[in-house]
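>>> Please work out how this folds:
(2 chains)
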Amino acid sequence: DAKTTQPNSMESNEEEPVHLPCNHSTISGTDYIHWYRQLPSQGPEYVIHGLTSNVNNRMASLAIAEDRKSSTLILHRATLRDAAVYYCILVGGTSYGKLTFGQGTILTVHP
Amino acid sequence: DAMVIQNPRYQVTQFGKPVTLSCSQTLNHNVMYWYQQKSSQAPKLLFHYYDKDFNNEADTPDNFQSRRPNTSFCFLDIRSPGLGDAAMYLCATSRDLRGAMNTEAFFGQGTRLTVV
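Sure, this is the predicted structure:
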């Protein structure tokens, strides 16, 4: 399975935008880029996913590089509730729907 | 409303005593997964069911078994829990396998297992 690389941690202030990067240089043509987050003591929750085009939903935006070797999750206005571990995961190929979690990025949001 | 429900949220078991964790879903999804998440680590897939077909990950210990009696329920059985099996166990569902590449997975809140 293709791997992803994310910074171990990032910090943000409340109500400011947050850009969480993810590198996936070995991505294959059929891999979708998924983002999940895990709040403390809870199960992971889906945030957003995409294949080639940028995607927006009520939670976040996903910006995908033209060569698909990297992507950025954008939280437009961080809140304290957004403090979580964010996982960038490639889903596709032989993994089908199985999620292989990397270490993720710990996002701290300051009031 | 919770769509993937795990019971109990916290489970304490004795070393070597069999324990069963349960998961139910109201989504009517074909695929159910069990993940193990140890402290400060990322979730790790143990196995999954696609309908009644069971698929074990290559490195899942034999000590872990699973049952899926119907679409809605899935159980994780740990035959002889060791101290190293203390972890959060997460159940998840997705609508399909191939199609799951382009859809989301739904996770339960997890069961935190303590082995004493």
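>>> Can you read off the pLDDT for the residue in chain A that chain B sits nearest to?
Residue of chain A nearest chain B, by Cβ to the nearest Cβ: A:G97 (2.3 Å). Every C-beta, even on glycine, is put in place using the N, C-alpha and C of the backbone. If you check A:G97, the pLDDT there is 71.
>>> Would you mind listing where chain B has pLDDT under the threshold?
Residue ranges of chain B with pLDDT under 70: B:1, B:97-100.
>>> in chain B, which spans are strands?
All strands of chain B, identified by DSSP state E, fall at B:4-7, B:10-13, B:19-25, B:31-37, B:44-50, B:53-56, B:64-67, B:73-78, B:87-94, B:106-107, B:111-115.
>>> Output the first one as CSV, restricted to C-alpha atoms.
Right, the one you point to is strand B:4-7. C-alpha atoms of strand B:4-7 as CSV (Å, rounded to 0.1, in the frame of the first residue of the first chain):
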residue,chain,number,x,y,z
VAL,B,4,-22.2,2.0,15.0
ILE,B,5,-22.6,1.1,18.6
GLN,B,6,-20.0,-0.7,20.6
ASN,B,7,-20.7,-2.2,24.0
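>>> residues from chain B in reach of chain A?
Residues of chain B that fall close to chain A, judged by Cβ under 8 Å from any Cβ of the partner chain: B:4, B:31, B:33, B:42-45, B:48, B:90, B:92, B:94, B:96-110.
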